[in-house]
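Trainee: Below: sequence and its predicted model.
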Amino acid sequence: MDGGGWFDGDLNGDFEVKRCLSSFVDEGRIESHRYYLARRTLLEMLRDRGYSIPALDIDISLQDFRSFYSQKPDPDRLRISAALRSDPSKKILVIFCGPDVVKVNAIRSIATQIVNKDSLSKLILVLQNHITSQALKAVDLFSFQVEKFQLPRMLQQDAIARYYGLEKGQVVKVIYNGEITGSHVTYRCVW
């Protein structure tokens with residue numbers, strides 16, 4: 001990523017405020033732009049992990065993404081399925097959960113939709129909202145590894161958010177430097 005829309009800072013007081021992600025959006029909806037960025041990042045991550053991801057899928061333009069998925073994409077259509085280059089029998093599936101709280105019924109629905117459970121070695125769930133404890137228990141019942149990705153939130157009332165005048169939707173990059181852990185990077189979405 002080019003760093004646009006990120007707030008960079010570390011515990012030593014070195015901070016730099018950059019433009020909000022929403023400021024990069026053209027005439028289209030912010031929602032489609034966020035899905036576009038999230039999907040592209042996941043495709044890049046899968047490629048970096050050794051999965052077969054066509055460059056065409058990663059390099060799709062925002063305009064082409066919107067033409068194919070619409071201004072208000074259906075998260076079910078954004079699924080990604082890929083095979084490991086070194087072992088095509090190992091497959092991964094990425095499912096984008098919608099903006100609602102992920103409940104146990106949503107996990108059950110995902111389980112019934114996965115046709116070839118035996119050939120799947122990993123599942124990634126991209127969460128926009130929190131997942132209930134019952135849904136987490138249901139996820140643990142899958143016979144393959146399940147990763148959950150959710151951008152942690154920072155309340156707009158947080159002292160740092162208030163200090164820098166951050167707005168909802170902005171993504172904050174926080175760099176922690178410690179003697180034991182070294183440098184650690186985390187991201188937060190202002191909520």
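Mentor: Happy to help now that I have it.
Trainee: switch to C-alpha atoms for all contacts and neighbour counts from now on
Mentor: Fine.
Trainee: Give me the residue ranges of the chain where confidence is low.
Mentor: For the chain, applying pLDDT under 70 flags the ranges 1-28, 115-116, 169.
Trainee: can you map out the helices along it?
Mentor: 30-48, 55-58, 62-69, 104-113, 133-139, 159-164 (DSSP state H).
Trainee: Save these as a markdown table, and put in mean neighbour count and distance to Val171 too.
Mentor: Output for the helices of the chain, formatted as a markdown table (neighbours: other Cα atoms under 10 Å; distance: least, Cα to Cα, whole Å):
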| stretch | mean neighbour count | distance to Val171 |
| --- | --- | --- |
| helix 30-48 | 17 | 11 |
| helix 55-58 | 12 | 22 |
| helix 62-69 | 15 | 19 |
| helix 104-113 | 14 | 27 |
| helix 133-139 | 15 | 26 |
| helix 159-164 | 12 | 11 |
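Trainee: and those as JSON lines, adding distance to Val146?
Mentor: JSON lines is the format used below for those (distance: least, Cα to Cα, whole Å):
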{"stretch": "helix 30-48", "distance to Val146": "14"}
{"stretch": "helix 55-58", "distance to Val146": "23"}
{"stretch": "helix 62-69", "distance to Val146": "26"}
{"stretch": "helix 104-113", "distance to Val146": "11"}
{"stretch": "helix 133-139", "distance to Val146": "7"}
{"stretch": "helix 159-164", "distance to Val146": "32"}
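Trainee: Ala82 is in contact with Pro54, isn't it?
Mentor: No - the pair Ala82 / Pro54 is not scored as a contact, 9.8 Å apart, by Cα atoms under 8 Å.
Trainee: Ignoring the adjacent residues along the chain, who's closest to Arg29?
Mentor: Once flanking residues are discounted, Arg29 sits nearest to Gln71: 5.9 Å by Cα to Cα, 6 or more residues apart in numbering.
Trainee: Show me where this structure has its strands.
Mentor: Ranges of strands within the chain are 6-10, 15-17, 80-83, 91-96, 120-126, 145-149, 153-154, 171-178, 182-190, based on DSSP state E.
Trainee: Please convert these to JSON lines, extending it with distance to Leu43 and mean neighbour count.
Mentor: Converted to JSON lines, the strands of the chain look like this (distance: least, Cα to Cα, whole Å; neighbours: other Cα atoms under 10 Å):
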{"stretch": "strand 6-10", "distance to Leu43": "20", "mean neighbour count": "19"}
{"stretch": "strand 15-17", "distance to Leu43": "27", "mean neighbour count": "14"}
{"stretch": "strand 80-83", "distance to Leu43": "8", "mean neighbour count": "19"}
{"stretch": "strand 91-96", "distance to Leu43": "10", "mean neighbour count": "20"}
{"stretch": "strand 120-126", "distance to Leu43": "12", "mean neighbour count": "19"}
{"stretch": "strand 145-149", "distance to Leu43": "14", "mean neighbour count": "14"}
{"stretch": "strand 153-154", "distance to Leu43": "23", "mean neighbour count": "17"}
{"stretch": "strand 171-178", "distance to Leu43": "20", "mean neighbour count": "18"}
{"stretch": "strand 182-190", "distance to Leu43": "19", "mean neighbour count": "14"}
